[in-house]
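Q: Fold the following.
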Amino acid sequence: MISTRTGTTISVRNLSYAYLDPESQAQLPVLSSVSFDVAQSELVCIVGPSGCGKTTLLRILAGFIHPLQGTLEINGHPIDGPSPERILLFQELHLFYWMTVVGNVEFALEARGVPKPARRPRALDVIEFVGLDGFERYYPHQLSGGMRQRLGLARAFAAEPAILLMDEPFGSLDVEARSEMESEFLALHEAKKFTAIVVTHDVRQAVFLGGRIFVMSHRPASINLTVTVPFARPRQSSIRQTTEFHALEDSLSSQIRSGD
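A: Residues are numbered from 1 along each chain as shown. Sure thing, here's the model as predicted:
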(Lines give C-alpha, C1' and ligand atoms only; values in the text may rest on other atoms or scores of the structure.)
Protein backbone atom coordinates (compact mmCIF):
# COMPACT_ATOMS: atom_id res chain seq x y z
CA MET A 1 0.00 0.00 0.00
CA ILE A 2 1.38 3.43 -0.87
CA SER A 3 2.05 5.94 1.86
CA THR A 4 2.79 9.64 2.10
CA ARG A 5 5.13 11.25 4.56
CA THR A 6 3.61 13.12 7.46
CA GLY A 7 4.90 15.50 10.09
CA THR A 8 5.70 18.27 7.62
CA THR A 9 5.41 21.90 8.66
CA ILE A 10 6.13 24.75 6.24
CA SER A 11 7.28 28.11 7.58
CA VAL A 12 7.65 31.19 5.36
CA ARG A 13 8.87 34.50 6.79
CA ASN A 14 9.14 37.91 5.12
CA LEU A 15 9.61 36.47 1.65
CA SER A 16 10.21 38.94 -1.18
CA TYR A 17 10.89 38.40 -4.87
CA ALA A 18 11.37 40.54 -7.99
CA TYR A 19 11.88 39.86 -11.67
CA LEU A 20 14.54 41.64 -13.68
CA ASP A 21 13.23 43.76 -16.57
CA PRO A 22 15.27 42.58 -19.61
CA GLU A 23 15.31 46.07 -21.16
CA SER A 24 15.81 48.45 -18.27
CA GLN A 25 17.50 45.91 -15.97
CA ALA A 26 15.33 47.31 -13.21
CA GLN A 27 13.78 45.02 -10.62
CA LEU A 28 10.02 44.45 -10.92
CA PRO A 29 8.72 43.57 -7.43
CA VAL A 30 6.36 40.58 -7.37
CA LEU A 31 6.18 39.42 -3.74
CA SER A 32 6.66 41.55 -0.64
CA SER A 33 7.01 40.33 2.96
CA VAL A 34 4.97 37.15 2.49
CA SER A 35 4.69 35.18 5.74
CA PHE A 36 2.66 32.10 6.65
CA ASP A 37 2.79 28.66 8.22
CA VAL A 38 1.23 25.43 6.94
CA ALA A 39 0.83 22.59 9.42
CA GLN A 40 1.33 18.92 8.68
CA SER A 41 -1.49 17.34 6.66
CA GLU A 42 -3.13 20.72 6.07
CA LEU A 43 -4.77 21.60 2.74
CA VAL A 44 -4.39 25.31 2.07
CA CYS A 45 -5.64 27.25 -0.96
CA ILE A 46 -4.13 30.49 -2.25
CA VAL A 47 -6.25 32.97 -4.20
CA GLY A 48 -5.64 36.51 -5.39
CA PRO A 49 -5.80 38.91 -8.34
CA SER A 50 -4.56 37.68 -11.70
CA GLY A 51 -0.81 38.13 -12.08
CA CYS A 52 -0.18 38.84 -8.41
CA GLY A 53 2.54 36.21 -8.05
CA LYS A 54 0.72 33.06 -6.88
CA THR A 55 2.58 30.79 -9.29
CA THR A 56 5.87 32.49 -8.46
CA LEU A 57 5.27 31.70 -4.79
CA LEU A 58 4.71 28.01 -5.62
CA ARG A 59 7.90 27.90 -7.69
CA ILE A 60 9.84 29.33 -4.75
CA LEU A 61 8.32 26.73 -2.41
CA ALA A 62 9.29 24.03 -4.90
CA GLY A 63 12.87 25.30 -4.84
CA PHE A 64 12.97 26.19 -8.54
CA ILE A 65 13.73 29.87 -7.88
CA HIS A 66 15.16 31.63 -4.85
CA PRO A 67 13.69 34.62 -3.01
CA LEU A 68 15.52 37.93 -2.76
CA GLN A 69 14.77 38.10 0.94
CA GLY A 70 13.15 36.04 3.63
CA THR A 71 13.32 32.47 4.88
CA LEU A 72 11.57 29.24 3.86
CA GLU A 73 11.80 26.17 6.04
CA ILE A 74 10.32 22.70 6.21
CA ASN A 75 10.50 21.16 9.65
CA GLY A 76 13.12 23.77 10.53
CA HIS A 77 15.35 23.02 7.50
CA PRO A 78 15.85 25.66 4.79
CA ILE A 79 14.46 25.08 1.30
CA ASP A 80 17.57 25.41 -0.88
CA GLY A 81 16.49 23.67 -4.07
CA PRO A 82 14.08 21.12 -5.60
CA SER A 83 13.35 17.91 -3.73
CA PRO A 84 11.23 14.80 -4.37
CA GLU A 85 9.59 15.57 -1.04
CA ARG A 86 7.94 18.56 -2.76
CA ILE A 87 6.06 17.86 -6.00
CA LEU A 88 4.77 20.76 -8.10
CA LEU A 89 1.81 19.93 -10.36
CA PHE A 90 0.88 22.43 -13.06
CA GLN A 91 -2.38 22.64 -14.99
CA GLU A 92 -0.44 21.28 -17.99
CA LEU A 93 0.41 17.79 -16.76
CA HIS A 94 3.19 17.12 -19.29
CA LEU A 95 2.24 13.46 -19.58
CA PHE A 96 4.18 11.20 -21.91
CA TYR A 97 1.54 10.49 -24.55
CA TRP A 98 3.56 7.66 -26.12
CA MET A 99 3.55 5.80 -22.80
CA THR A 100 0.71 3.92 -21.16
CA VAL A 101 -0.72 4.85 -17.78
CA VAL A 102 1.55 2.35 -16.02
CA GLY A 103 4.49 3.46 -18.15
CA ASN A 104 4.01 7.09 -17.10
CA VAL A 105 4.00 6.15 -13.43
CA GLU A 106 6.96 3.79 -13.78
CA PHE A 107 8.95 6.53 -15.52
CA ALA A 108 8.33 8.85 -12.56
CA LEU A 109 9.58 6.12 -10.24
CA GLU A 110 12.66 5.50 -12.39
CA ALA A 111 13.46 9.24 -12.33
CA ARG A 112 13.43 9.06 -8.55
CA GLY A 113 15.84 6.14 -8.43
CA VAL A 114 13.40 3.34 -7.57
CA PRO A 115 14.97 -0.01 -8.56
CA LYS A 116 13.36 -1.67 -11.58
CA PRO A 117 11.97 -4.74 -9.73
CA ALA A 118 10.06 -2.44 -7.37
CA ARG A 119 8.59 -0.11 -10.01
CA ARG A 120 5.76 -2.22 -11.41
CA PRO A 121 4.13 -3.25 -8.10
CA ARG A 122 4.48 0.28 -6.73
CA ALA A 123 3.06 1.77 -9.93
CA LEU A 124 0.08 -0.60 -9.87
CA ASP A 125 -0.51 0.25 -6.22
CA VAL A 126 -0.64 3.99 -6.83
CA ILE A 127 -2.76 3.57 -9.97
CA GLU A 128 -5.33 1.70 -7.88
CA PHE A 129 -5.11 4.39 -5.19
CA VAL A 130 -6.17 7.16 -7.62
CA GLY A 131 -8.93 5.03 -9.14
CA LEU A 132 -7.34 4.18 -12.49
CA ASP A 133 -7.15 0.42 -12.00
CA GLY A 134 -8.34 -1.26 -15.18
CA PHE A 135 -6.77 1.50 -17.31
CA GLU A 136 -3.12 0.54 -16.84
CA ARG A 137 -2.61 -0.21 -20.55
CA TYR A 138 -4.44 2.86 -21.83
CA TYR A 139 -2.59 5.80 -23.36
CA PRO A 140 -3.29 9.36 -22.14
CA HIS A 141 -5.18 10.29 -25.32
CA GLN A 142 -7.62 7.45 -24.56
CA LEU A 143 -8.49 8.94 -21.15
CA SER A 144 -10.96 11.63 -20.23
CA GLY A 145 -9.70 14.95 -18.85
CA GLY A 146 -10.48 13.91 -15.31
CA MET A 147 -8.68 10.60 -15.75
CA ARG A 148 -5.60 12.40 -17.06
CA GLN A 149 -5.70 14.54 -13.91
CA ARG A 150 -5.76 11.34 -11.87
CA LEU A 151 -2.74 10.10 -13.81
CA GLY A 152 -0.92 13.32 -12.96
CA LEU A 153 -1.72 12.72 -9.30
CA ALA A 154 -0.59 9.10 -9.61
CA ARG A 155 2.82 10.19 -10.87
CA ALA A 156 3.08 12.63 -7.96
CA PHE A 157 1.95 10.13 -5.32
CA ALA A 158 4.38 7.54 -6.68
CA ALA A 159 7.22 9.56 -5.17
CA GLU A 160 5.48 9.51 -1.78
CA PRO A 161 5.93 13.28 -1.38
CA ALA A 162 5.54 15.10 1.89
CA ILE A 163 4.05 18.11 0.11
CA LEU A 164 1.94 18.60 -3.03
CA LEU A 165 2.11 22.06 -4.60
CA MET A 166 -0.66 22.47 -7.18
CA ASP A 167 -1.08 25.31 -9.67
CA GLU A 168 -4.62 25.50 -11.10
CA PRO A 169 -4.76 21.69 -10.99
CA PHE A 170 -8.26 21.23 -12.44
CA GLY A 171 -8.52 24.41 -14.49
CA SER A 172 -8.62 22.63 -17.85
CA LEU A 173 -11.69 20.55 -16.94
CA ASP A 174 -15.31 21.39 -17.62
CA VAL A 175 -17.53 22.32 -14.68
CA GLU A 176 -18.91 18.82 -14.09
CA ALA A 177 -15.53 17.07 -14.35
CA ARG A 178 -13.90 19.71 -12.15
CA SER A 179 -16.50 19.23 -9.44
CA GLU A 180 -15.96 15.46 -9.55
CA MET A 181 -12.16 15.80 -9.37
CA GLU A 182 -12.40 18.20 -6.44
CA SER A 183 -14.44 15.67 -4.48
CA GLU A 184 -12.05 12.86 -5.42
CA PHE A 185 -9.03 14.94 -4.45
CA LEU A 186 -10.56 15.66 -1.03
CA ALA A 187 -11.13 11.93 -0.58
CA LEU A 188 -7.47 11.25 -1.42
CA HIS A 189 -6.36 13.91 1.05
CA GLU A 190 -8.65 12.49 3.73
CA ALA A 191 -7.18 9.02 3.15
CA LYS A 192 -3.48 9.93 3.11
CA LYS A 193 -3.26 13.21 5.06
CA PHE A 194 -0.55 14.71 2.85
CA THR A 195 0.24 18.42 3.05
CA ALA A 196 -1.07 20.41 0.07
CA ILE A 197 -0.94 24.01 -1.14
CA VAL A 198 -3.31 24.71 -4.03
CA VAL A 199 -3.17 27.90 -6.10
CA THR A 200 -6.42 28.63 -7.87
CA HIS A 201 -8.27 31.52 -9.48
CA ASP A 202 -11.54 29.71 -8.71
CA VAL A 203 -12.81 31.01 -5.36
CA ARG A 204 -15.56 28.40 -5.31
CA GLN A 205 -12.93 25.68 -5.60
CA ALA A 206 -10.85 27.23 -2.81
CA VAL A 207 -13.84 27.32 -0.46
CA PHE A 208 -14.66 23.68 -1.19
CA LEU A 209 -11.11 22.33 -0.90
CA GLY A 210 -9.35 24.49 1.63
CA GLY A 211 -9.07 24.15 5.36
CA ARG A 212 -7.67 27.65 5.22
CA ILE A 213 -7.50 30.18 2.39
CA PHE A 214 -4.72 32.75 1.92
CA VAL A 215 -5.83 35.84 -0.01
CA MET A 216 -3.03 37.70 -1.77
CA SER A 217 -3.03 41.39 -2.65
CA HIS A 218 -2.11 43.09 -5.90
CA ARG A 219 1.55 43.17 -6.86
CA PRO A 220 3.92 43.40 -5.08
CA ALA A 221 1.81 40.84 -3.28
CA SER A 222 1.57 39.89 0.32
CA ILE A 223 -1.03 37.81 2.14
CA ASN A 224 -3.57 40.32 3.37
CA LEU A 225 -6.20 37.90 4.67
CA THR A 226 -6.26 34.36 6.05
CA VAL A 227 -9.66 32.68 6.27
CA THR A 228 -10.39 29.49 8.18
CA VAL A 229 -13.08 27.63 6.25
CA PRO A 230 -15.83 26.69 8.76
CA PHE A 231 -17.13 23.56 7.01
CA ALA A 232 -16.38 20.19 8.58
CA ARG A 233 -14.56 17.38 6.82
CA PRO A 234 -15.22 15.13 5.05
CA ARG A 235 -17.07 17.59 2.82
CA GLN A 236 -20.00 16.61 0.69
CA SER A 237 -20.65 18.13 -2.73
CA SER A 238 -23.97 19.43 -1.44
CA ILE A 239 -22.14 21.97 0.73
CA ARG A 240 -21.68 24.05 -2.43
CA GLN A 241 -25.43 24.77 -2.47
CA THR A 242 -25.67 26.20 1.04
CA THR A 243 -26.17 29.84 1.96
CA GLU A 244 -23.05 29.79 4.13
CA PHE A 245 -20.91 28.52 1.25
CA HIS A 246 -22.16 31.24 -1.12
CA ALA A 247 -21.67 33.92 1.50
CA LEU A 248 -18.02 32.98 2.03
CA GLU A 249 -17.46 32.72 -1.72
CA ASP A 250 -18.93 36.21 -2.25
CA SER A 251 -16.91 37.69 0.59
CA LEU A 252 -13.64 36.32 -0.75
CA SER A 253 -14.44 37.42 -4.30
CA SER A 254 -15.02 40.98 -3.05
CA GLN A 255 -11.73 40.90 -1.17
CA ILE A 256 -9.87 39.78 -4.31
CA ARG A 257 -11.49 42.48 -6.43
CA SER A 258 -10.46 45.16 -3.97
CA GLY A 259 -6.92 43.75 -3.89
CA ASP A 260 -6.04 45.82 -0.82
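Q: which residue is nearest the middle of this protein?
A: The chain has Met166 as the residue nearest its centroid, 2.0 Å off, counting by CA atoms, centre = their mean.
Q: mind checking how far that residue is from Glu23?
A: In this view, Met166 and Glu23 are 33 Å apart by CB to CB, to the nearest Å. Just so you know, the C-beta spots here come from the backbone N, C-alpha and C atoms, and that holds for glycine as well.
Q: For the residue nearest to the centre of the chain, pull up the helix or strand it's in.
A: Using DSSP states H and E, Met166 sits within strand 163-167.
Q: can you pull the contacts of Arg59?
A: 65, 88 (CB atoms under 8 Å, 6 or more residues apart in numbering).
Q: And the one 3 residues further on, by the same measure?
A: Counting by CB under 8 Å, 6+ apart, Ala62 touches 82, 86, 88, 165.
Q: count of residues packed around the second one?
A: Number of residues near Arg86 (other CB atoms under 10 Å) recorded here: 23.
Q: Tell me the first helix or strand C-terminal of the longest helix that the chain contains.
A: Taking DSSP state H as the assignment, the helix of the chain that covers the most residues is helix 175-192. Per DSSP H and E, the first helix or strand lying C-terminal to helix 175-192 is strand 195-199.
Q: Report the strands that pair with that next one, each with its relative direction.
A: strand 43-47 (parallel), strand 163-167 (parallel) (DSSP bridges).
Q: and the direction of the first one versus that of helix 175-192, what angle?
A: In this structure, strand 43-47 runs at an angle of 140 degrees to helix 175-192, with axes from the mean of the first three to the mean of the last three CA atoms, to 10 degrees as the basis.
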